[in-house]
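In: Sequence first, predicted coordinates after that:
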Number of protein chains: 4
Amino acid sequence: MAGKAALRVGIAGASGLTGGELMSILLGHPLCDVVYAGALGQVGRFVSECHPSLERRTRLVCQGQSPDAIRASGLDCLFMALPHCESMKLVPHLEPGLRIVDLSGDYRLRDAQQFAQHYGQIHADAGGWNGFVYGLSEIARGKIREARRIANPGCFATAAILSLYPLVSKNLIGDSVFLSGVTGSSGAGTKLSPTTHHPHRAEAFAAYKVFKHQHEPEILQALNDANPNWAGDLVFQTHTAPMVRGIYMTAHLRLNPSSSEADVADAFAAHYADAPLVRMRREPPDSKWVRGTPFADLSWSVRGRNVLVFVALDNLMKGAASQAVQNLNIMLGWDETLGLTHCFGGGV
Amino acid sequence: MAGKAALRVGIAGASGLTGGELMSILLGHPLCDVVYAGALGQVGRFVSECHPSLERRTRLVCQGQSPDAIRASGLDCLFMALPHCESMKLVPHLEPGLRIVDLSGDYRLRDAQQFAQHYGQIHADAGGWNGFVYGLSEIARGKIREARRIANPGCFATAAILSLYPLVSKNLIGDSVFLSGVTGSSGAGTKLSPTTHHPHRAEAFAAYKVFKHQHEPEILQALNDANPNWAGDLVFQTHTAPMVRGIYMTAHLRLNPSSSEADVADAFAAHYADAPLVRMRREPPDSKWVRGTPFADLSWSVRGRNVLVFVALDNLMKGAASQAVQNLNIMLGWDETLGLTHCFGGGV
Amino acid sequence: MAGKAALRVGIAGASGLTGGELMSILLGHPLCDVVYAGALGQVGRFVSECHPSLERRTRLVCQGQSPDAIRASGLDCLFMALPHCESMKLVPHLEPGLRIVDLSGDYRLRDAQQFAQHYGQIHADAGGWNGFVYGLSEIARGKIREARRIANPGCFATAAILSLYPLVSKNLIGDSVFLSGVTGSSGAGTKLSPTTHHPHRAEAFAAYKVFKHQHEPEILQALNDANPNWAGDLVFQTHTAPMVRGIYMTAHLRLNPSSSEADVADAFAAHYADAPLVRMRREPPDSKWVRGTPFADLSWSVRGRNVLVFVALDNLMKGAASQAVQNLNIMLGWDETLGLTHCFGGGV
Amino acid sequence: MAGKAALRVGIAGASGLTGGELMSILLGHPLCDVVYAGALGQVGRFVSECHPSLERRTRLVCQGQSPDAIRASGLDCLFMALPHCESMKLVPHLEPGLRIVDLSGDYRLRDAQQFAQHYGQIHADAGGWNGFVYGLSEIARGKIREARRIANPGCFATAAILSLYPLVSKNLIGDSVFLSGVTGSSGAGTKLSPTTHHPHRAEAFAAYKVFKHQHEPEILQALNDANPNWAGDLVFQTHTAPMVRGIYMTAHLRLNPSSSEADVADAFAAHYADAPLVRMRREPPDSKWVRGTPFADLSWSVRGRNVLVFVALDNLMKGAASQAVQNLNIMLGWDETLGLTHCFGGGV
């Protein structure tokens, strides 16, 4: 596309599922040129050999992921779609001025002890946190606009925070919150495992990581930012479902005695009034409505003091790649939805 | 099978999914002869035309479902796998001495107003409730043994009650309980609908019936029987997942201040010590472990005051057909598992 | 998108699966404005109520499908995604100059008897055939460029003709050809049926329409155009697989004694050298590589006189909606791929 | 089951998918006691830890697979469900009198060169072939009755031979035969691979092993036994579908000039008249009809000289475990269907 005022972007971890999704979005983005694809173990192969669906859309060749290789690409922005605990080893060696959107968990938690507990390693770049903004687009637009480095939220955390943030920030709910989350198999990436082996996974639904999912502190950190007085005794339980794409979050919480259904309505309406990629629904959303799209769909209901909030999103899109590009758009001062809303089919 | 001391059994609603499952189990049951298959709209066709998988296993022909047709079959026990609100019109016209296992919702709720609210009709045989025992095998064995008529529990209700009954009856938990249930598509039976249309349902996860599932009062009724002092403010939310078979229940509840994790362990261990078809698990069960089996698998975990209980079962088996046969076995004084534990493959 | 030199396009049958797919593509097409959506039985509802995934992408309201309603929309081009035997009743009443891309079977077969046999009705607009070009983009680019009316090919027929056309036109193969085709469930559209009921269709693979699929004469007609001397004794057998999207075609044929493997290689290479949306593969394609994309992927192999050709495409895209837009692009003299290659994710 | 005249049976490879399926069947078999489970790498674990669905059905512990361990179990019959090229190393060291049903490919092909070509190894027990009968139950009942060692056929080969044997043995068809076979993901066993990774496999249909599947010589060997004069130029092409269980075979062949449709009807009717586990169908079978069952379902159609034959079976059952037990039953002079026909649910 000759003549476009292109931002030079690159992807580290281009051979993974999220990397492929990012590649597809960025190749269609009207203001980006993808000039770098890093993929350990694939160096020298075409990106389209890793992702056969991208054949004819790019002739990029996978490169290494050393700081030198990245520097040589002359990037304006680097997307990092690496396994957890890899970005933090690489970031300190990258140019200070390079824009970064990191999709791993490395720069999300500001508490080193929490990080160590949930990711199993001492953080290799603890000081680096300061440079990163937690990029949940709909709660941090202002900060993202000023940022050069973004910690892109986890897929479950995105759904959970979208569910609770408006209510917690308005102090409408009590401390006991239960979040039941469901993920498709693509959340596990390209890594093979018995739970993603098709003969098992087809028709398999199960809870996992009881009382210990690494997104729980991420959610609590965001809610504490929303309202430091809210002392959430929050339980977040994850499940796997036999589908490929999708996060579904069902939140059960209790209204404060002084809060009403109208307050809930107001809180959600106000918070998402200007959010082009959050769609308020009158009935619970279906993961199929958001499959392959950059949207998060949300509904809520109240009975007595009980509140239910439902959020559906695509873990590879709003839960990862499309939110990363949404954040890029915000950072660069572009329309938040640029290059995003055309990226999908008619719904099946 | 010449010479076996056979009970003459029949199935009304034999052409449905649950009817087919019952047929398959009963054809293999060592002490039953299936001599009647009722199926509206299929009269005169072979049962194996409705269920091609049963070809070579039975030569039964579908009959009408009039009281006369049923009487003429000389049954010892009738299984009724009809849509809701059909059994209650038929039961009053059947012989008083006929054993019945009714798999619909018609004789589960003892409160006429609750029934009308949740099933949308005035009950046609309200007095008939007295003759029926609510047949959740693991909580009502004694009563089932004495019964001639069984109201077989709902699939979700079975999972929910198995999760909570031991804790409520021991008074271990507070009033606020949240149940998040997930069902496969076979829960909808043979009736076609947009939500079970394959192009939609594949990859579709969604909540439905917010604050109004008809199993909620069924669950509350059983828990109230367990402990009339427990004033549960229970919320039960259902979801559909893109699988065919399976119920998954995740229960979140809060320990009473005077209760401990050890109390929870004791309550479950004691309650299911002699239950051959409930399997206690150390980690959350997977719906695949119970697929096609008569088992319910259960695990629980405690953190602080928060308790999580997980139950997986097959909605067509422990949630319907196999529990119906389990109840027959108990009624007749046979081994509870007779004809049940051989009914499945190796797990995929 | 202010200021774009937009073609005014509309869709009859906008509430169906293909209609939704077309809508999604055309909403993202840089040179089209979608100004009309016809949907019987949905008049007055938002298109996004029929297709919840399109919420926020269009505020169009469904209209009726009378000639007047269509005329009033001032269309440059009408896409017709109606059930078979509907277009032929409508087309005679539309303005002669209106461009039309018809996605049904109504204007594909030029033989009235064949039409009646395969579609079960006497053709209502037999003379109308003359105005339509059979729009398999890769074999009829020249004619499409001159056309105003396009009969968009069937999904199976597209895959079959792409497999055989280069070989038949070069006279490389004998008369006996066997085509084994496989379709996903979205091929059946939004119409509910027992074979697309999720509890059945999941895990179900079956052949159907033995020796009588309506695409067989469509394939033969195209091959006869390719080479009137080829007297194909062609058998085309269709199967349904438990997936939503995808056509897979496996063709078995026999080389003529005078033909060689090199001839096969040359025929394919020459025929698809300038086809941007047909990707030659060295190994058999996977339906996942083309899912949600406008591409058809093709490979072939030879052993002795036996030739196998494999084609994968997405039935809703290259088998319907994206080929319709590809044909529009060709008709209008635009880049064949305009608005098409960005329409999909990273491959899962 | 006190007092039953039990055959002592064991399974080598008990932790695999086929091993689990065998275990489930044999645990329910009225004349067998399972006393040995061999599983490399699982020694000392309960079988039910490998197969959680078998919890409560067996307390067997996995043992090693040395000849000594097997000898010490005092077996009457050993089922070997090991990866290819393992049985042939073990069999020479087992007691000569021990009955064996080997489910691998090791003792199927009688041609050492063919074996080496297709399995990639020189056969370690080439002389051993003589002791084995190729156990396709429906074509070799007589020989199986006399045998002590059975080479259990491949899943695809079973479907292919059932399709063609009656026609080839009666000399009804020409030499050119095309077989298009489709398998579910469980055919790949417990071994993880990118093609059985759920994010990929869901919605994925693809051809694989073009012109080189190892079942092709197995099929040809059986057809040559049927009719040494038939010089089949047979092409067998395999495909993977996004389902767990199932083999579907579509055979295209051409009638000899002297043969008629009536001859085809007679050949099939005669050959399967006394086959309790082959069900002739009037329309093409559906893989769902045989899922979890020991049946193979078959239909055929003729148009002119073209014949199509369709066979559906469950790869883990008639394609492996249930055929192995069917062969045991025949060997022992028992009813061929003993312990088999009760093993499944109602069809979804």
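Out: Received, thanks. Residues are numbered from 1 along each chain as shown, chains lettered A, B, ... in the order given.
In: Can you check my assumption that A:Arg71 lies in a helix?
Out: Yes: in this structure, A:Arg71 lies within a helix as judged by DSSP: H, G, I helix; E, B strand; the rest coil.
In: and A:Pro52, what are its phi and psi?
Out: When quoted as degrees, to the nearest 10, the phi and psi of A:Pro52 stand at phi -60, psi -20.
In: swap in the one 4 residues further on?
Out: For A:Arg56, the backbone dihedrals (degrees, to the nearest 10) come out as phi 80, psi -10.
In: Hmm, A:Gln65 is touching A:Ala37, no?
Out: No: judged on C-beta atoms under 8 Å, A:Gln65 makes no contact with A:Ala37 at a distance of 9.9 Å. For glycine as for every other residue, the C-beta is placed from the backbone atoms N, C-alpha and C.
In: More neighbours: the two, which one.
Out: Neighbour totals were compared for A:Gln65 and A:Ala37, and A:Ala37 leads with 26 against 21 (other C-beta atoms under 10 Å in any protein chain shown).
In: mind listing the helices for the stretch 101-250 of chain A?
Out: Assigned by DSSP state H, counting those that start in this stretch, the helices in the stretch 101-250 of chain A fall at A:112-119, A:141-146, A:155-169, A:198-201, A:215-226.
In: can you redo the ones you listed as TSV with mean neighbour count, distance to chain B and mean pLDDT?
Out: Listed next are these as TSV, based on neighbours: other C-beta atoms under 10 Å in any protein chain shown; distance: least, C-beta to the nearest C-beta, whole Å; pLDDT from 0 to 100:
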stretch	mean neighbour count	distance to chain B	mean pLDDT
helix A:112-119	16	14	94
helix A:141-146	14	28	98
helix A:155-169	26	12	98
helix A:198-201	28	4	96
helix A:215-226	21	11	95
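In: Which among those helices is found nearest to B:His342?
Out: Closest to B:His342 of these is helix A:198-201 (C-beta to C-beta; 22.0 Å).
In: does any part of that closest one sit near chain D?
Out: Yes: contact of helix A:198-201 with chain D (C-beta under 8 Å from any C-beta of the partner chain) involves A:His198, A:Pro199, A:Arg201.
In: how far away is the closest residue to A:Met249 other than its chain neighbours from chain D?
Out: Closest residue in space to A:Met249, ignoring its immediate chain neighbours: A:Ala159 at 3.8 Å, by C-beta to C-beta, 6 or more residues apart in numbering or on different chains. To chain D, A:Ala159 is 19 Å away according to C-beta to the nearest C-beta, to the nearest Å.
In: surely A:Gly232 meets A:Leu220?
Out: Yes: here A:Gly232 reaches A:Leu220: they are 6.2 Å apart, a contact under C-beta under 8 Å.
In: excluding its backbone neighbours, what's nearest A:Ala226?
Out: Per C-beta to C-beta, 6+ apart, closest to A:Ala226 is A:Ser169, 4.0 Å.
In: show me what contacts that neighbour?
Out: By C-beta atoms under 8 Å, 6 or more residues apart in numbering or on different chains, the residues touching A:Ser169 are A:Ala226, A:Asn227, A:Ala267, A:His271.
In: go with 10 Å
Out: By C-beta atoms under 10 Å, 6 or more residues apart in numbering or on different chains, the residues touching A:Ser169 are A:Ile139, A:Leu223, A:Asp225, A:Ala226, A:Asn227, A:Trp230, A:Ala267, A:His271.
In: With distance to C:Trp289 as extra columns, can I get these in a markdown table?
Out: Converted to a markdown table, the contacts of A:Ser169 look like this (distance: C-beta to C-beta, whole Å):
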| residue | distance to C:Trp289 |
| --- | --- |
| A:Ile139 | 37 |
| A:Leu223 | 42 |
| A:Asp225 | 43 |
| A:Ala226 | 43 |
| A:Asn227 | 47 |
| A:Trp230 | 48 |
| A:Ala267 | 45 |
| A:His271 | 40 |
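In: what's the neighbour count on the residue in the stretch 1-150 of chain A positioned nearest to chain D?
Out: Residue nearest to chain D within the stretch 1-150 of chain A: A:Leu17 (6.4 Å; C-beta to the nearest C-beta). A count of nearby residues for A:Leu17, using other C-beta under 10 Å, gives 29.
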